[in-house]
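**Q** 3D model of this:
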Amino acid sequence: MNFGIDRLLADPALRKPLEGKRVALLAHPASVTADLTHSVDALIAVGLNVTAMFGPQHGVRGDLQDNMMESPDFTDPTYGMPVFSLYGEVRRPTGQSMSTFDVLLVDLQDLGTRIYTFITTLRYVLEAAAEHGKTVWVLDRPNPVGRPVEGLTLLPGWESFVGAGPMPMRHGLTMGELGHWFNDLLKLDVDYHVVTMDGWDPDAAPGFGWPVERTWVNPSPNAPNVMMARAYPGTVMLEGTALSEGRGTTRPLELFGAPDITARGVIAEMRRRAPDWLEGCRLREIWFEPTFHKHVHQLCSGVQIHAEGPSYGHAAFKPWRLQALAFKAIRALYPDYPLWRDFPYEYAFGKLPIDVINGGPGLREWVDDADSEPGDLDAIAIKDEAAWAELRLRFLLY
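**A** Next up is the predicted model:
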């Protein structure tokens, strides 16, 4: 199959509207062609006039390990062009940076989860393009977790850099499709185009969203493989808790744990409460010691989520419910456990990180309510998921 960048490079007719235009590229380390050439090198090699680059969170070079670590602007040492950070002094493109191009090519590998900030950056550049009369092309890439939808819809007033709009946690759209949705949602008057993929089948085994013939390149430092991407709509919530999400290990965001819990008991309580929420994967008790981040150099009892191999069931796997259930089990077994962290997560002041992540307090309130049952959360989520699945139909390109 061919990604948007591959089709653009292979077809002079597709590139023709870019002739004589100043072109900018929004990219990161995973912005590569089928043969792993970085997109900026490939675009310049076919003769496009690339005059600037933009970098999302973690930077064009993907060098910044953690959240809330800002990237500076710099001059590209190979081509001498300006590189503007959209996760530094600003989150939105400035008028100065917008003056450096006519057409912005967006070539970002997403993870299919609302909280992954490349989605918000796409929204911000579309808004800036509408304001400044610029053209935006998305060079489309796969959603590596495919089409399933899961989670609560972000509530009005809970928008943030990790919540760009009213969608559930696992949205099931590509970046190109999301651009169409943003333009409709925000009523933007912007010259917008998608260079679609050729041959993407989001329901095909064994990748179920990610074509296995393509090499995986980390779109951010802690996104090392497809298994992480599959678990991420749930494990990202760990960033709002005192539990380790595995940063500082070789399997970040595929596991969770802490020094002061017993993973075997947590798994048993999860199975007792909602065994159907654990389908499509295997849970394995593990021990790990983070080399940095939460619980650094402490032995943690933990759980690894195996969303791979013969035990993986794509349609059955519910990562958001699975992680919510883990929180519920820990709250039941350790009622006084300090589960929720309190700090300005992604610069959202005055709100608990777990609520910012979920786009509202609903999940946290369900976890903390001793009388609530899995069915109570399920009833709300099912309505949100069904409404989104219906709404997104008119934006699907594949």
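**Q** so Asp371 sits in a strand?
**A** No - Asp371: not assigned to a strand; according to DSSP: H, G, I helix; E, B strand; the rest coil it is coil.
**Q** pLDDT score for it?
**A** pLDDT recorded at Asp371 is 97.
**Q** So Thr100 is in contact with Val83, correct?
**A** No - in this structure, Thr100 is not within contact of Val83 by C-beta atoms under 8 Å, at 10.6 Å. From N, CA and C alone the C-beta is placed, and that goes for glycine too.
**Q** Which one's more surrounded, these two?
**A** Neighbours were tallied for Thr100 and for Val83 using other C-beta atoms under 10 Å; the higher tally belongs to Val83 (23 against 17).
**Q** Beta-bridge partners for the more buried one, please?
**A** When bridges are taken as DSSP bridges, the partners of Val83 come out as Met53, Phe74.
**Q** Tell me if I'm right that it and Phe74 touch.
**A** Yes - in terms of C-beta under 8 Å, Val83 counts as a neighbour of Phe74; the distance is 5.2 Å.
**Q** coming back round to it: what touches both of Thr100 and Val83?
**A** Applying C-beta atoms under 8 Å, 6 or more residues apart in numbering, one finds that Thr100 and Val83 are jointly contacted by Ala52.
**Q** Show me the shaky parts of the stretch 51-200 of the chain.
**A** 62-70 (pLDDT under 70).
**Q** What segments of it are helices?
**A** Remark: helices of the stretch 51-200 of the chain, listed N- to C-terminal, are 95-98, 118-132, 175-186; assignment by DSSP state H, counting those that start in this stretch.
**Q** Dump these into CSV; add mean neighbour count and distance to Gly199 as well.
**A** Formatted as CSV, those follow (neighbours: other C-beta atoms under 10 Å; distance: least, C-beta to C-beta, whole Å):
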stretch, mean neighbour count, distance to Gly199
helix 95-98, 15, 34
helix 118-132, 21, 23
helix 175-186, 20, 15
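**Q** Ok, which of those helices comes nearest Leu397?
**A** Minimum separation from Leu397 across the helices of the stretch 51-200 of the chain (C-beta to C-beta) falls at helix 175-186, 5.5 Å.
**Q** Closest to the centroid, which residue in this structure?
**A** Tyr116 (2.9 Å; C-alpha atoms, centre = their mean).
**Q** was I right about Leu377 contacting Trp366?
**A** Yes - using C-beta under 8 Å, Leu377 is in contact with Trp366, at 4.7 Å.
**Q** Can you pick out the residue with more neighbours from the two?
**A** Of the pair Leu377 and Trp366, Leu377 is the one with more neighbours under other C-beta under 10 Å, namely 24 against 21.
**Q** wait, what's in contact with that one?
**A** With contact set as C-beta under 8 Å, 6+ apart, Leu377 has these partners: Arg321, Ala324, Gly362, Leu363, Trp366.
**Q** Find the pair from those residues with maximum spatial separation.
**A** Arg321 and Gly362 (13.2 Å).
**Q** the more surrounded of those two?
**A** For Arg321 and Gly362, the more surrounded residue by other C-beta under 10 Å is Arg321, and the numbers stand at 22 against 17.
**Q** My reading is that that one is in a helix; is that accurate?
**A** Yes - membership of Arg321 in a helix is supported by three-state DSSP.
**Q** which non-adjacent residue is nearest it?
**A** Setting aside the residues directly before and after it, Arg321 is nearest to Trp277 in space (C-beta to C-beta, 6 or more residues apart in numbering), at 4.3 Å.
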